[in-house]
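Undergrad: this one's sequence-less:
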């Protein structure tokens, strides 16, 4: 047995002298250099008015110590809404709702700017409304074409920006930002690819920039000379057809030459290079450091840097003079208290963003409220914030079985309630399946989920016993008031013995021939090193996420010839779109063969039998409404098969404890995968929700 000892809690220097130093944008003084970047939250009301959820969301980050918050893109005209949940900035009725956000942010010492935009040719809605653009053509990532704007439309856009700016200032916001960035009308007018006009708003660089310059002039006339005005600027479109950094910097110089701007907010990418707008872990942060440096070198105005910047990286960028302020979005979604923690010398307890994009971008892209895989309160601050966890009136002795993400989250939350918590883990390290996931290519950052939780439970004084397989007798000896079982799940490939679940028919094995053969191994076996396949490996993706896709890439990096079979429309179908696109790009580079639309039938020595999911077979009478598989096909010369076709809960201990009379007076609960195998976000939310009531 190994015990994890509490760490010494001595105060240490924050180590962030520049990040925490004050800065001014125009006449607006900021208490530090951290900026909560604008991003769509999908928390607004369907009528275009701000919501109480938006108030709570931004107040949480202001309370957490950030210097400046820039509100998400708000539409300046009815045709400019990329989602029904965009705020109608042009409508004076928006002022009271925005004032509520401003008051909440100001209460905690932060400043608030608002970003204004017209969505132009980009939309999250399918089908969208009529999309306005300089030239009638769809965004290449979209099937929906556009309306080429008339002169009256252009005039309406300019007036919409001016009126929206007036509304924001009337609501008490401290400054304005306009978006000539990854989506929206102003960038498409500036872009040679999207703007093919030959009138006053196209044909030359000066004419392509005209709309942006007229918008800036209109805003300054509407708000006066002392209200700060900045531009979120796309420095590089990162597409084969788009403009490059040199052109982007020409735009910067033309905008600065107006003499009416106070700062630039760095940005890159477009809907056709979505992974560069909100870079996942597979895109190194150093790629964006070059963008920040180029922008800083092209302007004398203050620059907000971007691109997955952690507190330590932000301090380094500032100290090197590569940016003036540090923009964070996902980091402050993951941990609203980031600034307060580093200021208090507790950077070890900052919950770092893992750049998975599963909880934030994937959610809002479906017009659902923003979430985070390891901050259960994100977007739900009014009722689920971890800040609301209070010490229980009467505390209890809690035993947690399992040190994966669910068990750790349950232990952390129970300890915050003041309970005496002991965590038992059968392995000699914490982390559970996260330890395997972190071995997949471009996925090392996922280990931060349990790295943070481990630091938190140690800091909270949780007793941790490693290398300690739990039994009913052992648990009874601890005399717990509450037992939380978090024993996780295992691949559902073959029976593992006389378990209660199998015996009672609570679980069933997949109906696939050949799963019990020696050359058939699980993703867990591969990633753990218990099995080391070679030659031609077939991976079956019935998971739709990284368990299959990441394991296949792991095998490709191990010099295997990899074929991935997926029953759904594409391999990794449930992975966030930009992240999935980069996986497919790497799969092509690494020579992986991806075969969607095929279902696994049987595994035989040297080959795999598959069938098309849909065929024209037996289409007689009512049978035409039943999906019938097609003729079987063979994948030959197969050396190993890795079927990712489901997991089963390890629930036997839970069932045994529930039936054991020694625990009649104890509360026996379970969380995470041992309830039902799911993704990290769901298991952590589940564990938090259970433990916050103890």
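TA: Right, received. Where do you want to start? Just so it is clear, the structure is predicted and the values come from calculations on it, not from any experiment. Residues are numbered from 1 along each chain as shown.
Undergrad: How about residues contacting the longest helix seen in the chain?
TA: In the chain, taking DSSP state H as the definition, the longest helix is helix 151-170. Applying CB atoms under 8 Å, 6 or more residues apart in numbering, the contact partners of helix 151-170 are 74, 76-77, 79-80, 89-92, 94-95, 98, 114, 116, 118, 132, 147, 149, 176, 178, 185, 201, 211, 214-215, 218-219, 221-223, 227. (Glycine included, C-beta is placed from N, CA and C.)
Undergrad: Just the buried ones among those, please.
TA: Neighbour-count burial within the contacts of helix 151-170 applies to 74, 76-77, 79-80, 89-91, 94-95, 98, 114, 116, 118, 132, 149, 176, 178, 185, 201, 211, 214-215, 218-219, 222-223, 227; the criterion is 16 or more other CB atoms under 10 Å.
Undergrad: Now residue 563: which helix or strand?
TA: Assigned by DSSP states H and E, residue 563 belongs to strand 561-566.
Undergrad: ok, that strand: who's next to it in the sheet?
TA: According to DSSP bridges, strand 561-566 has the following sheet partners: strand 536-541 (parallel), strand 593-596 (parallel).
Undergrad: So for the shortest one, what gets flagged as buried?
TA: Right, the one you point to is strand 593-596. 593, 594, 596.
Undergrad: and what of stretch 392-402?
TA: By neighbour count, with 16+ other CB under 10 Å as the criterion, the buried positions of stretch 392-402 are 395, 396, 398, 399, 400, 401, 402.
Undergrad: May I ask which of those comes out lowest in pLDDT?
TA: By pLDDT, residue 395 ranks lowest within the buried residues of stretch 392-402, coming in at 92.
Undergrad: can you confirm it is in a strand?
TA: No: applying DSSP: H, G, I helix; E, B strand; the rest coil, one finds residue 395 to be coil, outside a strand.
Undergrad: Name the nearest residue to it, sequence neighbours excluded.
TA: For residue 395, ignoring the flanking residues on the chain, the nearest one in space by CB to CB, 6 or more residues apart in numbering is residue 418 at 4.5 Å.
Undergrad: can you count the residues close to residue 494?
TA: Residue 494 is flanked by 12 other residues according to other CB atoms under 10 Å.
Undergrad: Helix or strand: which one has residue 431?
TA: If you go by DSSP H and E, residue 431 is not part of any helix or strand.
Undergrad: still on that earlier bit, with respect to residue 489, which of the strands paired with strand 561-566 lies nearest?
TA: strand 536-541 (17.5 Å; CB to CB).
Undergrad: Skip ahead from that closest one and say which helix or strand is next.
TA: Counting by DSSP H and E, the element after strand 536-541 in chain order, helix or strand, is helix 546-557.
Undergrad: and that next one, what does it pack onto?
TA: Under the contact definition 3 or more CB pairs under 8 Å, 6 or more residues apart in numbering; DSSP states H and E, helix 546-557 sits against helix 433-437, helix 523-528, strand 536-541, strand 561-566, helix 577-589, strand 640-644.
Undergrad: Could you count how many residues lie near the closest residue to residue 428 other than its chain neighbours?
TA: Take residue 428 and drop its neighbours on the chain: the residue closest to it by CB to CB, 6+ apart is residue 467, 4.6 Å away. Using other CB under 10 Å, residue 467 has 13 neighbouring residues.
Undergrad: Number the residues from 34 up from this point.
TA: Done: numbering now begins at 34, and the last item shifts to residue 500.
Undergrad: Pull out the buried positions in stretch 182-193.
TA: For stretch 182-193, the neighbour count (16+ other CB under 10 Å) marks 182, 187, 189, 190, 191, 192, 193 as buried.
Undergrad: Pick out the most distant pair among those.
TA: Distances among those were taken as CB to CB; the most separated pair is 182 and 192, at 13.7 Å.
Undergrad: ok, now which ones touch residue 179?
TA: Residues near residue 179 by CB under 8 Å, 6+ apart: 153, 154, 163, 164, 165, 166, 168, 169, 170, 171.
Undergrad: which of the residues you listed count as buried?
TA: 153, 154, 164, 165, 166, 168, 170.
Undergrad: Which one of these is nearest to residue 661?
TA: Ranked by distance to residue 661 (CB to CB), the buried ones among the contacts of residue 179 are led by residue 164 at 39.8 Å.
Undergrad: Would you confirm that that closest one contacts residue 176?
TA: No: taking CB atoms under 8 Å as the definition, residue 164 is not a contact partner of residue 176, at 11.5 Å.
Undergrad: Break down the stretch 234-383 of the chain into its strands, ranges please.
TA: Using DSSP state E, counting those that start in this stretch, the strands of the stretch 234-383 of the chain run over 262-267, 296-300, 336-338, 358-361.
Undergrad: so which of the ones you listed comes closest to residue 49?
TA: Closest approach to residue 49 among those (CB to CB): strand 358-361, 10.0 Å.
Undergrad: Just the buried positions in that closest one, please.
TA: 358, 359, 360, 361.
Undergrad: just how off-centre is that strand within its chain?
TA: Centroid displacement of strand 358-361 relative to its chain, using CA atoms, centre = their mean, to the nearest Å, is 18 Å.
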